[in-house]
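K.L.:
One predicted model, sequence on top.
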Amino acid sequence: MSSDAQILAPEAPPDGTADPRRWLTLVILLLAAFMNLLDVSIVNIAIPSIQRNLHASYADVQWALAAYTLAYAVVLITGGRLGDAYGRKRLFLIGVTGFTIMSALCGAAQSPGQLIACRVIQGAMGAIMIPQVLSVIQVIFPAAERIKALAAFGVTAGLGTVSGPLLGGLLTQHDLFGLDWRPIFLINVPVGILAIAASAVLVRESRAPRRPHLDPGGVLLITAALLLLLYPLVQGRQLGWPAWTFVAMAASVPAAGMFVWYERAKDRRDGSPLVQLSLFGQRAFSIGIAIAITFFLGVTSFALILTLFLQVGLGFTPLHAGLTFLPFSGGVLVASAAAARLTPRFGRGVTMTGALVMTAGMAGLIATVAHYGAAVTTGELVPGLIVAGLGMGSVLAPLADILLAGVDRQHAGSASGLFNTSIQLGASIGVALIGVIFFGLLGSQSGPAAAAAAPQLRAGLAAAAIPAGTAARIEGQFGACLHDRLVAADPTVTPASCRLASPAGTARPLPAAASNVLASAGGAASRRDFAATLERTLWFQVGVFLLSFLLMLALPRHPRRRAATGRPADADLVSTTEGK
């Protein structure tokens, strides 16, 4: 994100007097950016390991993802303005230092609550750090070189997206020093220390010509509105949906209305609200923001449920799961590069095609899982994942350009910041919503899955010579045990229904001979349940991406760009490129 003042930051001097260390400085800036971008995608692969190690509930792992993106979203615009006001180098160092410390504390967390709290602060530190990267590039590079530096930032973003699942799988599976999942966070510590030391020497300080006003009241109000919506969505299923969860979600609407009222008042008072509401008067911008939120409802939630399906449902190792994600990430990279060149000619047609391709990819995955069920392999998932990745890349890169094209240059930074914020908000809400759908279906599909595994269980118990009365009780409890295991708040705890009930009504452990039989049948039933649940949950993604396509019909066919207002056209590159 870049604030308005960042867009008006002093240009770099002519090539002859440019900072001689600018390319080395860029390497350090991109190293910090890569660290932040990697952290968005690397955690997904480690979720099952975190769940087992910390005895975390499904709601806890949702918060481990949503807490980061939510904090990043609400602090992003303020982070840019803080750099404008107090110095971009200073805020970059604060952001990198805080991010590094929180990474170490995430890696040392001993409970789900500690991990979630550290992820919140880590996300906020990332939101302070990243805006300074783009601003410093704007300041230290001459116009002729700036496009190359910004292209390097784009490549870094792509590499972070691709390498996250693979690196997460490698670090988690190899259990470095017996630390299990913790190296996915601890790897940031030496990288962060290097970035801190090098940037302290290499990065030169810069500020906006005029100190911008902050809007802490706006940050608090939008945070409250979002938490009123997200907290009950994530926790409601685990708590049995008490009445207060519905009251809180309903209260998020007037809270959002209060935020809008406050922002209008702030705009009248000093002209520096957190969100420039006047931007929503432009059709391309308002529709584009709606598309960004809607589209990312499906993207991030898809990564979560696919991870759970692959590792918890099918039993893939973290590395196997990470490799399975690679076709999707590769498709994103290829399509992003192509879409950036095609958009000037075909306009919204590129994004509309991308949304339909993404929908087709989801439909292909549904068909694949429906056909192969629990026996599905990585190779059979690859075509659908490639198509989905091509669709995502075709939407994200041109959408930012279409959305920002008609925005007045004086509001370009605010528009870019709001676009990036909307992506993070969509991701946070999507993770919360998918939990309600996926985990609700996981329990409802347990009955058919148990019935399908019953013949295998019966034959196995007979082959193990389990007495008829004991076998009958095991069969009778099998469905309830499977259901309770799948919906348990802590999947590592054995539910009471999984202890064999004696004729007298007391619970006792299973006979040793029956344990292997029950484990085999239970595993088969669990895989069927996860396959059926994924198949049905992916219809949420299909609906979301189709809705995105319909919203794109309201975009201008070929957005008209505003004329410059006395500044070089390339001064907008900071904000525009960031959104891509």
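P.N.:
In hand now; what should we look at?

K.L.:
For the stretch 401-550 of the chain, just list every one of the strands.
P.N.:
Secondary structure of the stretch 401-550 of the chain, counting by DSSP state E, counting those that start in this stretch: strands at 500-501, 507-508.

K.L.:
Compare the mean pLDDT across the ones you listed and name the weakest.
P.N.:
Of all the strands of the stretch 401-550 of the chain, mean pLDDT reaches its minimum on strand 507-508 (a mean of 56).

K.L.:
Tell me where the model's unsure across the stretch 1-150 of the chain.
P.N.:
Applying pLDDT under 70 to the stretch 1-150 of the chain flags residues 1-18, 147, 150.

K.L.:
go on, the stretch 201-350 of the chain?
P.N.:
Low-confidence segments of the stretch 201-350 of the chain, defined by pLDDT under 70, are absent.

K.L.:
residues near F246, how many?
P.N.:
Residue crowding around F246 was assessed by other C-beta atoms under 10 Å; the count is 12. Every residue, glycine included, has its C-beta placed from N, CA and C.

K.L.:
Not counting sequence-adjacent ones, nearest residue to it?
P.N.:
With sequence-adjacent residues excluded and distances taken as C-beta to C-beta, 6 or more residues apart in numbering, F246 is closest to P232, at 7.3 Å.

K.L.:
Check which element follows the host helix or strand of the one you found along the chain.
P.N.:
When secondary structure is defined using DSSP states H and E, the element that contains P232 is helix 216-239. The first helix or strand that comes after helix 216-239 along the chain, using DSSP H and E, is helix 243-270.

K.L.:
for the helix or strand hosting L396, which positions count as buried?
P.N.:
Assessed by DSSP H and E, L396 sits inside helix 378-405. Of the residues in helix 378-405, those buried by neighbour count under the rule 16 or more other C-beta atoms under 10 Å are 378, 381, 384-405.

K.L.:
swap in stretch 328-347?
P.N.:
Quick answer for stretch 328-347 (16+ other C-beta under 10 Å): 328-336, 339-340, 342-343, 347.

K.L.:
nearest to G447, of those residues?
P.N.:
Using C-beta to C-beta, F328 comes nearest to G447 of the buried residues of stretch 328-347, at 32.0 Å.

K.L.:
Confirm for me that A85 is in contact with A208.
P.N.:
Yes. Here A85 lies in contact with A208, judged by C-beta atoms under 8 Å, at a distance of 6.9 Å.

K.L.:
neighbour count winner among these two?
P.N.:
Between A85 and A208, counting by other C-beta under 10 Å, A208 is the more crowded of the two (23 against 18).

K.L.:
Tell me how far the more buried one lies from S428.
P.N.:
Between A208 and S428 the distance is 29 Å, computed by C-beta to C-beta, to the nearest Å.

K.L.:
now swap in A109 and tell me
P.N.:
Using C-beta to C-beta, one obtains 20 Å as the distance from A109 to S428.

K.L.:
Check I474 too.
P.N.:
If you go by C-beta to C-beta, the gap between I474 and S428 works out to 43 Å.

K.L.:
same check, this time on I386
P.N.:
Between I386 and S428 the distance is 27 Å, computed by C-beta to C-beta.

K.L.:
same deal with L547?
P.N.:
With C-beta to C-beta as the criterion, L547 and S428 are 18 Å apart.

K.L.:
Compare these two (neighbour count), which wins?
P.N.:
Neighbour tally, L547 and S428, criterion other C-beta under 10 Å: the higher count belongs to S428, 30 against 18.

K.L.:
How about the contacts made by that one?
P.N.:
Remark: with contacts taken as C-beta atoms under 8 Å, 6 or more residues apart in numbering, S428 is in contact with A66, T69, L70, A73, L226, L230.

K.L.:
10 Å instead, please
P.N.:
Listed by C-beta atoms under 10 Å, 6 or more residues apart in numbering, the contact partners of S428 are 62, 65-74, 123, 226, 229-230, 233-234, 296-297, 300.

K.L.:
need the contact list for the residue nearest to V75 when sequence neighbours are not counted.
P.N.:
Among residues not flanking V75 along the chain, A127 sits closest, at 3.7 Å (C-beta to C-beta, 6+ apart). A127 makes contacts with 1, 36, 68, 71-80, 82, 95, 99, 420-421, 424, as judged by C-beta under 10 Å, 6+ apart.

K.L.:
so L239 touches P232, yeah?
P.N.:
Yes. Using C-beta atoms under 10 Å, L239 is in contact with P232, at 8.6 Å.

K.L.:
tell me, what's touching those two both at once?
P.N.:
Here L239 and P232 share the contacting residues T245, scored by C-beta under 10 Å, 6+ apart.

K.L.:
Neighbour count: these two, which is higher?
P.N.:
When neighbours are counted by other C-beta under 10 Å, L239 and P232 differ, and P232 comes out ahead with 24 against 12.

K.L.:
Looks like the more buried one contacts L433 (just checking).
P.N.:
No. Here P232 lies out of contact with L433, judged by C-beta under 10 Å, at a distance of 11.7 Å.

K.L.:
and V517, what is it in contact with?
P.N.:
Shown in contact with V517 (C-beta under 10 Å, 6+ apart): 456-464, 466, 471, 474, 510-511.

K.L.:
Likewise for K89?
P.N.:
By C-beta under 10 Å, 6+ apart, K89 lies in contact with 83, 132, 135-136, 139, 199-200, 202-207.

K.L.:
from those, which would you call buried?
P.N.:
For those, a neighbour count by 16+ other C-beta under 10 Å gives the buried set as G83, Q132, S135, V136, V139, S199, L202, V203, S206, R207.

K.L.:
And those residues, which two are furthest apart?
P.N.:
Using C-beta to C-beta, the two most remote members of the buried ones among the contacts of K89 are L202 and R207, lying 17.9 Å apart.

K.L.:
What degree of burial does the nearest residue to S41 once chain neighbours are set aside show, as a neighbour count?
P.N.:
For S41, the nearest residue in space outside its immediate sequence neighbours is G164; the separation is 2.9 Å by C-beta to C-beta, 6+ apart. Applying other C-beta under 10 Å, we find 24 other residues in the vicinity of G164.

K.L.:
swap in Q445?
P.N.:
With other C-beta under 10 Å as criterion, Q445 counts 22.

K.L.:
Kindly report the same for the one 4 residues further on.
P.N.:
Per other C-beta under 10 Å, the neighbour tally for A449 reads 26.

K.L.:
mind listing what it touches?
P.N.:
With contacts defined as C-beta under 10 Å, 6+ apart, A449 is in contact with 374, 442, 479, 482-483, 486, 522, 524-533.

K.L.:
SS state for S272?
P.N.:
With DSSP: H, G, I helix; E, B strand; the rest coil as the basis, the three-state label of S272 is coil.

K.L.:
so it sits right up against L214, yeah?
P.N.:
Yes. Proximity of S272 to L214 meets the contact threshold set by C-beta under 10 Å, at 7.7 Å.

K.L.:
Overlap of the contact sets of these two?
P.N.:
R81.

K.L.:
For A109, give me the backbone phi and psi.
P.N.:
Main-chain torsions, A109, degrees, to the nearest 10: phi -60, psi 140.

K.L.:
Pull up the gap between the closest residue to it other than its chain neighbours and A427, please.
P.N.:
Across the structure, with C-beta to C-beta, 6+ apart as the measure, the residue nearest A109 apart from its sequence neighbours is L115 (3.9 Å). Between L115 and A427 the distance is 18 Å, computed by C-beta to C-beta.
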